[in-house]
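> From the sequence below, what's the structure:
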Amino acid sequence: MPISRRTVLASAALLSLALGAPAMAEAKKDFKVAWSIYVGWMPWGYASDASIVKKWADKYGLTIEVTQFNDYVESINQYTVSAYDAVTVTNMDALSIPSVGGVDTTAVIVGDFSVSNDAVILKDGATLADIKGRDVNLVEFSVSHYLLARALDSAGMTEQDVKVVNTADPDMVGAFQTPDVTAMVTWNPMVSEIVALPGATKVFDSSQIPGEIIDLMVANTEVLADNPDFGKALA
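Residues are numbered from 1 along each chain as shown. Here you go, the predicted structure:
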């Protein structure tokens, strides 16, 4: 998922221009939901496979298609251009790409608050202070970038003390096993896989910033206004 977007407003604004204006909402019966690989969102894959989503869609006379994305940012991009009606996303990421792209978003479900599911991991380093001067692989301008900024601030450092290397989330585990990668920020289930590798140490995680990272299922506000049963079926 190598797509940049921080300074949050500046880069997201450029992205919104590239994506184009979102389509207008309307009353309809068929809906599309996007989710990506994160431990807090994996119940959506199960709910789809086990026909739980279908059960509730049928109750309201709807069809809801649930699609898994391996690339988190791409799932948000597709939602922003109205290819999908709802998406799993963190609170800070919902406030960047979609909102700057002109899409008003409503949180339908607060799935969880991240408590250690997002983490800063070092290779051959014992404390967060050891990150200084290193390249840090993460999904640039995402929740991981936010966590890095909060971690650095807690240790009296800034982003000027490291160099961010944009890395797609599906590539994290493999990248950490290469010699050049010595610092990484990512989320579960990748965190669990990486900390099990030789030389890996978790030096900061989201339990140290409680309540700040909120994992959501959001939907296009106009779509919900025109189709309230869609929100009821998801909830």
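> next one: the longest strand seen in the chain to chain centre, how far?
The longest strand of the chain (DSSP state E) is strand 105-113. Put simply, strand 105-113 sits 12 Å off its chain's centre (CA atoms, centre = their mean, to the nearest Å).
> try stretch 214-228
In terms of CA atoms, centre = their mean, the gap separating the centre of stretch 214-228 from the centre of its chain is 17 Å.
> which residues sit against it?
For stretch 214-228, the external contacting residues (CB atoms under 8 Å, 6 or more residues apart in numbering) are 22, 24-28, 31, 33, 38, 40-41, 44, 79, 82, 85-91, 94, 98, 103-114, 230-231, 234. The C-beta positions use only the backbone N, C-alpha and C, and glycine is treated the same way.
> List the buried residues in the longest strand of the chain.
105-106, 108-109, 111-113 (16 or more other CB atoms under 10 Å).
> Now do the strands in the protein.
Under DSSP E, the chain gives strands at 30-36, 63-69, 86-90, 105-113, 118-123, 135-138, 163-166, 183-187, 200-205, 214-220.
> Partner strands of the longest one, with direction?
Strand 105-113 has its sheet partners listed here by DSSP bridges as strand 214-220 (antiparallel).
> Report the angle between the strand it pairs with and strand 30-36.
160 degrees (axes from the mean of the first three to the mean of the last three CA atoms, to 10 degrees).
> Measure how buried the nearest residue to residue 48 once chain neighbours are set aside is and give me the count.
What sits nearest to residue 48 in space, not counting adjacent residues and going by CB to CB, 6 or more residues apart in numbering, is residue 66, at 3.8 Å. Residues within reach of residue 66, counting by other CB atoms under 10 Å, total 20.
> Please parse this protein into its domains.
Following automatic domain parsing, one gets these domains for the chain: 9-114+213-234, 118-208.
> can you put those domains in a markdown table and add mean pLDDT?
Output for the domains of the chain, formatted as a markdown table (pLDDT from 0 to 100):
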| stretch | mean pLDDT |
| --- | --- |
| domain 9-114+213-234 | 89 |
| domain 118-208 | 97 |
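> Adding distance to residue 173, write the strands of the chain out as CSV.
Below are the strands of the chain laid out as CSV (distance: least, CB to CB, whole Å):
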stretch, distance to residue 173
strand 30-36, 15
strand 63-69, 17
strand 86-90, 20
strand 105-113, 22
strand 118-123, 11
strand 135-138, 11
strand 163-166, 15
strand 183-187, 9
strand 200-205, 11
strand 214-220, 20
